[in-house]
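Colleague: take a look and give me a structure for this.
(one chain, ligands or ions: 1)
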Amino acid sequence: MVTTSAPGKLFILGEHAVVYGYPAIVAAINKRIFVTTRIVIKNSDEINTLGVSDNRFVRQALLYFKKTFQIHESIAITTRSAFSDTVGFGSSSAVTVATIASLNALFQRKLSNNDIFNLSYDVVKNIQGVASGADVAASVYGGITYYQKKEKTVVKKIECGKIHLIVGYSGVKADTVTIIKKVVNLYEGKKAFVENIFVDISLLVEKGLHHLEHKEYEQFGTCMNKNHALLHKLGVSTLMLDTMVKAALDAGAWGAKLSGAGGGDCIIAIGPQSKKQKIEEAIEHVGGEIIDVSISLEGTKII
Ligand code: PMV
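Modeller: Numbers count the residues shown, from 1 in each chain. Model (predicted):
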């Protein structure tokens, strides 16, 4: 029997554009999903996904792993999650990564993290249709990463000291696939308009990377604000997300933006520690829920 875990994630900069081959910055968080696998003497696999309402990711990860490595034993899988799958912390990717990692350890396949990434990304892509893999990278490698999916995948760990994110949940669960499709439709209808937004987002990601590496958090906040404005222009923000962002900025945040596909889920904000409480109260005042989250250096691991 083997138990592994993998962290959820938050997009810091570059969501949507990253699907089209532009870079993004994504962070692993201290909320994790746990997956236990064991071999059972039965005729079929047993999957029990507690805390993860969509069990397709576990099921497909298991089938894909068995097919790839010609495994014929029956497997029992149970999951446990330290976060709700309604808040947009990347539960699908985290559970996929933890399942592949757990099976890897159970069958002693000695897969590298890159192998675990590739297998997990295949599973997520097959189910979702379109996916950048950035959240898979966060779940595998941990920390804050600069991620780009082109012919070659770029995953670069960013050394930036400790950044404290304030996370405000909008109360609405976003449907990532529907929003990605909305952007695909817009891209097909107004290619130049959307391409320009993506290029501008990618410039902010490069600038943001520089500021993070130099621990210039205030300037980094400005990049977040500009990224939020571009996501708004792309049509993926909502009144509630915009309202929480404004509340955070009015309360003294250096930067705030929606995180992830948009349409709901969370905003993230950064600001001086002295203003943390004021920013949190301002977000709550407009109806947001503060979720206590910190960035985690740990990627997937065996427990
Ligand atoms: O909604 P989330 O947190 O799963 O983020 C989706 C981010 C996108 O860039 C829109 C899609 C992707 O696969 O990167």
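Colleague: what about the strands in the stretch 1-150 of the chain?
Modeller: For the stretch 1-150 of the chain, strands defined by DSSP state E, counting those that start in this stretch occupy the ranges 2-13, 24-40, 46-49, 74-81, 144-149.
Colleague: now the angle from the second one to strand 144-149?
Modeller: Pointing back at strand 24-40 there. 90 degrees (axes from the mean of the first three to the mean of the last three CA atoms, to 10 degrees).
Colleague: and the gap between the spatially closest residue to residue 140 that is not a sequence neighbour and residue 42?
Modeller: Leaving out its chain neighbours, the residue that sits closest to residue 140 by CB to CB, 6 or more residues apart in numbering is residue 117, at 4.7 Å. Any C-beta I mention is one placed from the backbone N, CA and C, and that applies to glycine too. Using CB to CB, to the nearest Å, residue 117 is found at 31 Å from residue 42.
Colleague: please apply the same query to residue 190.
Modeller: 53 Å.
Colleague: re earlier: residue 204: which of the strands of the stretch 1-150 of the chain is closest?
Modeller: strand 2-13 (6.1 Å; CB to CB).
Colleague: and the closest residue to residue 201 other than its chain neighbours, what does it touch?
Modeller: Excluding the flanking residues, the one nearest residue 201 by CB to CB, 6+ apart is residue 17, at 4.2 Å. Going by CB atoms under 8 Å, 6 or more residues apart in numbering, residue 17 touches 23, 24, 197, 198, 201, 202, 205.
Colleague: the closest residue to the ligand within the stretch 201-303 of the chain: neighbour count?
Modeller: Ranked by CB to the nearest ligand atom, the top residue of the stretch 201-303 of the chain for proximity to the ligand is residue 260, at 2.7 Å. Counted with other CB atoms under 10 Å, the neighbours of residue 260 add up to 26.
Colleague: again with residue 217
Modeller: 18.
Colleague: correct me, but it touches residue 208?
Modeller: No. Between residue 217 and residue 208 there is no contact under CB atoms under 8 Å: 10.5 Å.
Colleague: so who does residue 247 touch?
Modeller: 282, 283, 285, 286, 288.
Colleague: a markdown table for those residues, including neighbour count and secondary structure?
Modeller: Shown next, in a markdown table, are these (neighbours: other CB atoms under 10 Å; DSSP: H, G, I helix; E, B strand; the rest coil):
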| residue | neighbour count | secondary structure |
| --- | --- | --- |
| 282 | 23 | helix |
| 283 | 27 | helix |
| 285 | 11 | helix |
| 286 | 16 | coil |
| 288 | 25 | coil |
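Colleague: TSV for those residues, including distance to the ligand and pLDDT?
Modeller: Output for these, formatted as TSV (distance: CB to the nearest ligand atom, whole Å; pLDDT from 0 to 100):
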residue	distance to the ligand	pLDDT
282	23	99
283	18	99
285	25	98
286	21	98
288	17	98
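Colleague: surely residue 181 is in a helix?
Modeller: Yes. Counting by DSSP: H, G, I helix; E, B strand; the rest coil, residue 181 falls inside a helix.
Colleague: ok, for it, nearest residue in space, not its chain neighbours?
Modeller: residue 130 is the one closest to residue 181 (CB to CB, 6+ apart), at 7.8 Å.
Colleague: ok, now which ones touch the one you found?
Modeller: By CB under 8 Å, 6+ apart, the neighbours of residue 130 are 19, 177, 180, 181, 184.
Colleague: of those, which are in range of the ligand?
Modeller: 19, 180 (CB under 6 Å from any ligand atom).
Colleague: buried subset of the contacts of residue 130?
Modeller: Buried members of those, counted by 16 or more other CB atoms under 10 Å: 19, 180, 184.
Colleague: separation between the second one and residue 187?
Modeller: To tie it back to what came earlier, the one meant is residue 180. For residue 180, the distance to residue 187 - CB to CB - is 10 Å.
Colleague: kindly report the same for the first one.
Modeller: Here the criterion is CB to CB. By it, residue 19 lies 10 Å from residue 187.
Colleague: with adjacent residues omitted, what lies nearest to the closest residue to the ligand within the stretch 51-200 of the chain?
Modeller: Nearest residue of the stretch 51-200 of the chain to the ligand (CB to the nearest ligand atom) works out as residue 132 at 3.3 Å. Computed as CB to CB, 6+ apart, the closest residue to residue 132 that is not its neighbour in sequence is residue 18, at 4.2 Å.
Colleague: burial of the residue nearest to residue 122 when sequence neighbours are not counted, as a residue count?
Modeller: Among residues not flanking residue 122 along the chain, residue 64 sits closest, at 6.6 Å (CB to CB, 6+ apart). Residues lying near residue 64 (other CB under 10 Å) number 19.
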